[in-house]
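A.B. asks: I would like the atomic coordinates for the input below:
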Amino acid sequence: MNLHYIDKYSEDEIVNRGNLITEQNNTNSKILDTLTTKEIIEIFSKEDLLPQLAVSRSIPEIVRAIDAIYLRLKEGGKLFYLGTGTSGRLGVIDAAELPPTFCTQPHLVQGIIAGGNEALVKSSEDLEDNYYQSVDDLKDRKFSKKDCLIAITAGGTTPYVLSALDYSNKIEALSVAICCVPENQSKLSCDIDIRLITGPEVITGSTRLKAGTATKMALNMISSTVMIKLGKVYGNRMIDVSASNSKLLDRSLRILNELLNIDRNEGIKLLSLSKGSVKIALLVAAAGCSVEEAEETLNRNNNNLRQALRNCKINSD
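C.D. replies: Below is the predicted model:
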């Protein structure tokens with residue numbers, strides 16, 4: 001246990017965060033330790049309805065963030081999540097899930113957590129007080145004015161995150177904040193301010209609970225919708241998937257069967273021809289073109305399959 005912080009600050013230097021809604025006591029769970037397992041779970045279940053409500057109340061800001069991020073990524077920018085503790089881990093998780101889900105390059109969406117990869121499995125909460133480290137971390141990732149930052153801070157007071165927002169604003173990058181306290185409890189300097197108000201936690205101050213759930217929901221919506229707008233989805237199918245294992249090969253074959261009405265043997269041949277790309281396979285079959293022609297057509301149409309199909313000449317033979 002790291003105890004050097006106990007003697008590092010004088011009483012006047014220790015910020016009292018008791019006013020933050022994320023730190024307040026939940027009246028529904030005051031005698032939590034005296035309850036039966038069933039009673040505890042009933043409280044959790046009831047309280048866990050609140051994250052969905054919190055996200056639904058923030059839809060206008062989430063939509064603004066998605067549209068702004070999409071425009072930046074479309075022009076060659078990148079998206080960075082940044083946070084500490086649970087907030088940082090949630091960003092890293094979402095970023096890590098995008099390459100296998102949507103075949104994105106790992107650099108397109110990146111997660112930054114105070115303390116680096118070690119902090120994913122080992123507590124590093126003391127680093128959240130380092131006001132200057134986040135700027136160094138962003139500079140190390142070549143964060144620039146054409147990029148986007150989603151800064152995540154449940155209580156809205158984390159120095160590591162606040163300095164990242166300040167730096168993002170300074171270089172005129174897009175700055176988005178996700179916070180779980182009202183604006184009157186924490187003012188954040190950003191272009192788009194997403195407030196997910198989930199109230200006091202079942203276990204006081206444990207923002208990995210409702211605040212973390214709401215944050216994960218919002219990140220899912222943001223990243224998934226940006227990928228949809230970037231042409232990674234056709235209908236509701238993940239067509240920008242590469243058949244790189246048994247599960248993904250099966251999914252790819254089912255997509256080809258559903259959209260082209262071909263059997264699995266035909267699908268395997270088509271995927272082999274298309275180097276495992278479902279999107280290329282679909283365009284080759286629908287347009288009656290070569291793989292090279294399909295790739296060129298997609299490039300001309302921002303890698304959007306629906307747009308490519310609409311603009312290419314379909315083989316009527």
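A.B. asks: got the buried residues for the strand or helix carrying N169?
C.D. replies: If you go by DSSP states H and E, N169 is part of helix 159-170. By neighbour count with 16 or more other Cβ atoms under 10 Å, helix 159-170 contains the buried residues P159, Y160, V161, L162, S163, A164, L165, D166, Y167, S168. C-beta: built from backbone N, CA, C; applies to glycine.
A.B. asks: care to break the chain down by domain?
C.D. replies: Split into domains by automatic domain parsing, the chain comes to 21-229, 246-311.
A.B. asks: give the contact list for A54.
C.D. replies: C180, L196, I197, T198, K210, A214 (Cβ atoms under 8 Å, 6 or more residues apart in numbering).
A.B. asks: farthest-apart pair in those residues, please.
C.D. replies: Spatial extent of these (Cβ to Cβ) is set by the pair I197 and K210 at 9.9 Å.
A.B. asks: between the two, which one's more packed in?
C.D. replies: Using other Cβ atoms under 10 Å as the criterion, I197 and K210 rank with K210 on top: 27 against 21.
A.B. asks: quick one: pLDDT of the more buried one?
C.D. replies: pLDDT for K210: 97.
A.B. asks: likewise I268?
C.D. replies: At I268, pLDDT is 94.
A.B. asks: just give me the neighbour total for it.
C.D. replies: Neighbour count of I268, defined by other Cβ under 10 Å: 16.
A.B. asks: the helices in the stretch 201-317 of the chain, which residues?
C.D. replies: With DSSP state H, counting those that start in this stretch, the ranges of helices along the stretch 201-317 of the chain come out as 210-229, 246-260, 264-273, 278-287, 291-300, 305-311.
A.B. asks: adding distance to E61, write the ones you listed out as a markdown table.
C.D. replies: Listed next are those as a markdown table, based on distance: least, Cβ to Cβ, whole Å:
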| stretch | distance to E61 |
| --- | --- |
| helix 210-229 | 9 |
| helix 246-260 | 33 |
| helix 264-273 | 40 |
| helix 278-287 | 32 |
| helix 291-300 | 32 |
| helix 305-311 | 28 |
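A.B. asks: now for this structure, the helix or strand with the poorest mean pLDDT.
C.D. replies: When the helices and strands of the chain are compared on mean pLDDT, DSSP states H and E, helix 4-8 comes out lowest with a mean of 55.
A.B. asks: pLDDT at the spatially most central residue of the chain, what is it?
C.D. replies: Centroid-nearest residue in the chain: L219, 3.6 Å away (criterion: Cα atoms, centre = their mean). If you check L219, the pLDDT there is 98.
A.B. asks: which stretches of the chain have low pLDDT?
C.D. replies: Flagging of the chain using pLDDT under 70 yields the residue ranges 1-16, 18, 124-126, 313-317.
A.B. asks: ranges for the strands of it?
C.D. replies: Secondary structure of the chain by DSSP state E: the strands cover 79-83, 109-113, 148-153, 174-179, 192-195.
A.B. asks: now do the fourth one: which elements does it pack against?
C.D. replies: Secondary structure elements in contact with strand 174-179, counted by 3 or more Cβ pairs under 8 Å, 6 or more residues apart in numbering; DSSP states H and E, are helix 59-74, strand 148-153, helix 159-170, strand 192-195, helix 210-229.
A.B. asks: CA atoms of the third one as PDB?
C.D. replies: Output in PDB follows, covering the C-alpha atoms of helix 159-170 (Å, rounded to 0.1, in the frame of the first residue of the first chain):
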ATOM      1  CA  PRO A 159      -6.000  16.700 -12.700                       C
ATOM      2  CA  TYR A 160      -4.600  14.200 -15.200                       C
ATOM      3  CA  VAL A 161      -7.800  14.500 -17.200                       C
ATOM      4  CA  LEU A 162      -8.300  18.200 -16.800                       C
ATOM      5  CA  SER A 163      -4.800  19.000 -18.100                       C
ATOM      6  CA  ALA A 164      -5.500  16.800 -21.200                       C
ATOM      7  CA  LEU A 165      -8.600  18.800 -21.900                       C
ATOM      8  CA  ASP A 166      -6.700  22.100 -21.500                       C
ATOM      9  CA  TYR A 167      -4.000  20.800 -23.900                       C
ATOM     10  CA  SER A 168      -6.600  19.600 -26.500                       C
ATOM     11  CA  ASN A 169      -8.200  23.000 -26.400                       C
ATOM     12  CA  LYS A 170      -4.900  24.800 -26.700                       C
END
